[in-house]
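Q: Please work out how this folds:
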Amino acid sequence: MSRTPDARARDTQTKQIQDSITSVEKHFGDLCQLFAAYVRKTARLRDKADLLVKEVNLYADTETPNLKNGLKNFADQLAKIQDYRQAEVERLEVKVIEPLKAYGNIVKTKREDLKLTQTARNRESKQMQQLEKMRQRNPSDRQIISQVGLVCNEL
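A: Next up is the predicted model:
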């Protein structure tokens, strides 16, 4: 385990970052799925209303002029509502779903960065342990210890 306070602090920070990445990945994924389902339902509702408009227009063609006029106006108003519903679908896809999808790649990149950082820290820790072992085995042989220390610093 980590012996120095700095190492413990880095480990704690790494754990917090890892937890944040996992949380964002889970919650943003869930949000994206739910918004996509909502958009699909809204689009299906729009499609059903379009069918209703078409059917009202067909029925209006078979009726008397006054009823025909009223049914046509009703169908036109219902069609306008569906235009707003279509705009809602498009806005949600562009302004909500696409940005949420983008976080999938961002999270993946951040997770890879974190893994590279942890690998580098582990490598550094192992090298420091090797150096400490060499110091304990050969306390008088400064040349070997300084060479190992230089190698550790280069990595």
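
Q: quick one: contacts for Glu93?
A: Val39 (CB atoms under 8 Å, 6 or more residues apart in numbering). The way it works is simple: take the backbone N, C-alpha and C, and place the C-beta from them, glycine included.

Q: Next one: it from Arg40, what distance?
A: Separation of Glu93 from Arg40 (CB to CB, to the nearest Å) stands at 10 Å.

Q: same thing with Lys80?
A: In terms of CB to CB, Lys80 sits 22 Å off from Arg40.

Q: Likewise for Ile106?
A: For Ile106, the distance to Arg40 equals 25 Å [CB to CB].

Q: With Asp47 instead?
A: 11 Å.

Q: Equivalent analysis for Tyr59, please.
A: In this view, Tyr59 and Arg40 are 29 Å apart by CB to CB.

Q: Centroid-nearest residue for this structure?
A: Centroid check for the chain by CA atoms, centre = their mean gives Tyr103 as the closest residue, at 2.9 Å.

Q: contacting residues around it?
A: Contacts for Tyr103 (CB under 8 Å, 6+ apart) come out as 24-25, 28, 32.

Q: Including distance to Arg137, could those go into CSV?
A: Shown next, in CSV, are the contacts of Tyr103 (distance: CB to CB, whole Å):
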residue, distance to Arg137
Val24, 47
Glu25, 46
Phe28, 52
Cys32, 56
